[in-house]
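> for reference, the sequence and a predicted model appear below.
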Amino acid sequence: MANAWARKEPLIAAHVNGLAVGVIEKHLRCFREFIGRRKSGVYVLRRNRSVYYIGLASSLRRRLPDHIKDHLRGKWDEFDLYIVRKGRAKYLKELETLLIRVAKPEGNQTEPKFVKHNNITKKFKEALIREVSSLVRD
């Protein structure tokens, strides 16, 4: 039973890594057809192989082409996308938030907040202070 978690339905149904922005620019119809309708997920825009921006989309086939024309135009040269399995889209915001907080990409201006969470950082620091204080007294 060591790998019981591996037999469960995965969160990510499919992914594409390291495609050049030119794929969307030159082959938009093919890109949209290949991705298909109603595919939601998280995408990563890269510049010189470094993470520049992380976003989520309820329609990946529409969202990525938008970034060729919007405020991110010219700021990225390749992308990755991660299609989330149907029925799991409710976790998209949490997944995006986690990735942005870890990667801290230049293109994401603000650090997003989790939908609902219990930040225990302050409580952990207080516990550490209590433990260190008790060691000093002993």
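That came through, no problem. Fair warning: this is a prediction, and the values are worked out from it, not measured in the lab.

> so what's the residue nearest in space to the middle of the chain up against?
In the chain, the C-alpha nearest the mean C-alpha coordinate belongs to residue 96, at 3.7 Å (Cα atoms, centre = their mean). By Cβ atoms under 8 Å, 6 or more residues apart in numbering, the contact set of residue 96 is 42, 54, 55, 56, 112. Any C-beta I mention is one placed from the backbone N, CA and C, and that applies to glycine too.

> can you give me the distance of it to residue 65?
Using Cβ to Cβ, to the nearest Å, residue 96 is found at 19 Å from residue 65.

> ok, now residue 56?
Distance from residue 56 to residue 65, by Cβ to Cβ: 16 Å.

> neighbour count winner among the two?
Neighbour totals were compared for residue 56 and residue 65, and residue 56 leads with 22 against 15 (other Cβ atoms under 10 Å).

> mind listing what's buried in the strand or helix carrying that one?
Residue 56 is part of strand 50-57, with elements assigned from DSSP states H and E. Across strand 50-57, burial judged by 16 or more other Cβ atoms under 10 Å covers 51, 52, 53, 54, 55, 56, 57.
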